[in-house]
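Participant: just need the structure, nothing else, for what follows:
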Amino acid sequence: MNEHTQKLLDKSLDVLEASEALLNIGKIDVAAGRAYYSMMHTAEALLFEEKNLSFNKHGDIHGAYGLYFAKTKILDPKFHRWLLDAYDQRIVGDYDVSSGLDNE
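Facilitator: The predicted structure follows:
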């Protein structure tokens with residue numbers, strides 16, 4: 001595994017652990033954002049490792065993941081949907097003063 005890929009996966013694990021800790025203290029909105037970033041870093045690692053691609057924008061990562069892994073069904077397209085849904089929840093959690101997000 002490439003060193004950059006490993007660093008992305010390490011970061012993904014760090015923010016996933018942070019998300020779980022935030023959930024445990026009832027910070028659901030912030031936890032949603034951290035969970036999204038864990039997914040995004042994982043997608044970014046996969047794109048770098050398998051396709052040698054690197055991006056600076058969320059939408060570019062989403063699009064490339066969809067093109068190379070979901071559309072081709074190399075990976076189940078539901079994971080792409082989960083990434084996009086997590087992004088939407090991050091936006092709600094970060095910017096909406098009454099998000100309505102829950103532990104589910």
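Participant: drop to CA atoms for contacts and neighbour counts, all remaining ones
Facilitator: Will do.
Participant: average pLDDT for whichever strand or helix holds residue 39?
Facilitator: Using DSSP states H and E, residue 39 sits in helix 28-51. Mean pLDDT, computed over helix 28-51, is 97.
Participant: what comes up buried for that helix?
Facilitator: Of the residues in helix 28-51, 28-49 count as buried by neighbour count, 16 or more other C-alpha atoms under 10 Å.
Participant: now do the helix or strand where residue 80 lies: everything it contacts.
Facilitator: Element membership of residue 80, judged by DSSP H and E, is helix 77-95. Applying C-alpha atoms under 8 Å, 6 or more residues apart in numbering, the contact partners of helix 77-95 are 28-30, 32-36, 39-40, 62, 65-66, 69-71, 99, 101.
Participant: ok now it, how far from the chain's centre?
Facilitator: Remark: helix 77-95 is offset 8 Å from the chain centroid, using C-alpha atoms, centre = their mean, to the nearest Å.
Participant: which SS class is residue 19?
Facilitator: Under DSSP: H, G, I helix; E, B strand; the rest coil, the three-state class of residue 19 is helix.
Participant: tell me how far the closest residue to it other than its chain neighbours lies from residue 103.
Facilitator: Spatial nearest neighbour of residue 19, excluding adjacent residues (C-alpha to C-alpha, 6 or more residues apart in numbering): residue 31 at 4.3 Å. Separation of residue 31 from residue 103 (C-alpha to C-alpha, to the nearest Å): 9 Å.
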